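**Q** Have a look; sequence and predicted model below, questions after that.
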Amino acid sequence: MTFATIVFSIDNGVALLSLNRPEQLNSFNGQMHAEVREALKRVRQDASVRVLLLTGEGRGFCAGQDLADRSVAPGAEAPDLGQSLEQFYNPLIRSLRELPMPVICAVNGVAAGAGANIPLACDLVLAARSASFIQAFCKIGLLPDSGGTWSLPRLVGVARAKALAMLGNRLSAEQAEQWGLIYRCVDDAALRDEALSLARHLASQPTYGLALIKRSLNASFDNTLDQQLDLERDLQRLAGRSHDYREGVAAFMEKRPAVFKGN
Ligand code: T3D
């Protein structure tokens, strides 16, 4: 498959996936969903990939669903949005959460609707200072999807989650950082370089161990302390059998830089 609505490349362990429908602020249509899905499949299947960097082309990151595909003629049957979530958005969110490697999201501009919640399914979110997050759903009679009703209260608390979801106001990248919605806000001109440099750093680190960190932290809000302690025990057992753990300890003892292979 060649890509028309995304830009996709793999270089030195870093997969770069950039949404590329800038005239529609990178809103999702069926083709973009299919291409993103294919790119994520390649990321999963290519053993050389150790980090995914997700971003967008143009002045927006993503404006959610392409609403041009949702106009309903008077008297016509309503689209089945549940089917759309089941078929497109939910698998995308699950795929990002379950990818066994760090996923960085560089939010280059406005992120609205599903486009505001897709970054929240990633592991490290950087945003350009001029970017903003809008839970636009309420303005068209919908509720936040793409995991928004799950991640928002966990990240910013129920009071702020409800205000964001019910008012649909624009949240600046700086405020998003202060509220703990995202990791870091950086100057617009520096965003791509900062995100790439973070991605290249992570691609040289113990990927398997990072994937276990992701798995354990993703599970923590749904576990009791006892369950989480058991999970840490089980995952640390796996980590302890990895090449990179052996190498990390050997490098420390020999006072030399470690050379991690990712497994
Ligand atoms: O439907 C399902 O499958 C269920 C799943 C739903 C998930 C969802 O994401 S629902 C929420 C959908 N998204 C929105 O409601 C956001 C709509 N967009 C906006 O509110 C605004 O565009 C923004 C706040 C994001 C940005 O505003 P602004 O003033 O910076 O830009 P603009 O002028 O509104 O948009 C620029 C162009 O992008 C414009 O096209 P034009 O006039 O230059 O030809 C606009 O129509 C287009 N655009 C922006 N968002 C969408 C879009 N085109 C189609 N769909 C969009 N979502």
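**A** That came through, no problem.
**Q** Look up how far residue 65 lies from the residue lying closest to residue 262 once chain neighbours are set aside.
**A** Nearest residue to residue 262 in three dimensions, chain neighbours excluded: residue 207, at 3.7 Å (CB to CB, 6 or more residues apart in numbering). No exception for glycine: its C-beta is placed from N, CA and C like everyone else's. Separation of residue 207 from residue 65 (CB to CB, to the nearest Å): 33 Å.
**Q** how many neighbours does the residue of the chain found nearest the ligand have?
**A** For the chain, the residue closest to the ligand is residue 64, as judged by CB to the nearest ligand atom, at 2.2 Å. Applying other CB atoms under 10 Å, we find 26 residues neighbouring residue 64.
**Q** Just give the closest residue to it, not the sequence neighbours.
**A** Per CB to CB, 6+ apart, closest to residue 64 is residue 113, 2.3 Å.
**Q** How about the contacts made by that neighbour?
**A** By CB atoms under 8 Å, 6 or more residues apart in numbering, the contact list for residue 113 reads 27, 63, 64, 65, 134, 135, 136, 137.
**Q** Narrow the residues you listed to those in strands?
**A** residue 134 (DSSP state E).
**Q** Could you export the contacts of residue 113 to CSV, including columns for pLDDT and distance to residue 80?
**A** Shown next, in CSV, are the contacts of residue 113 (pLDDT from 0 to 100; distance: CB to CB, whole Å):
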residue, pLDDT, distance to residue 80
27, 98, 19
63, 98, 21
64, 98, 17
65, 98, 13
134, 99, 25
135, 98, 22
136, 98, 20
137, 98, 17
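**Q** Of the contacts of residue 113, just the buried ones, ChimeraX syntax please.
**A** A single ChimeraX command is used to select the members of the contacts of residue 113 judged buried by 16 or more other CB atoms under 10 Å:
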select :27,63,64,65,134,135,136,137
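**Q** how about the contacts of residue 113, which pair is most distant?
**A** 27 and 135 (15.3 Å; CB to CB).
**Q** For the residue of the chain closest to the ligand, grab phi and psi.
**A** Here is the backbone geometry of residue 64 (degrees, to the nearest 10): phi 80, psi -150.
**Q** Pretty sure it sits against residue 115.
**A** Yes. With contact defined as CB atoms under 8 Å, residue 64 counts as touching residue 115 (4.6 Å).
**Q** Spit out the residues that contact those two alike.
**A** With CB under 8 Å, 6+ apart as the test, residue 64 and residue 115 both reach 27, 28.
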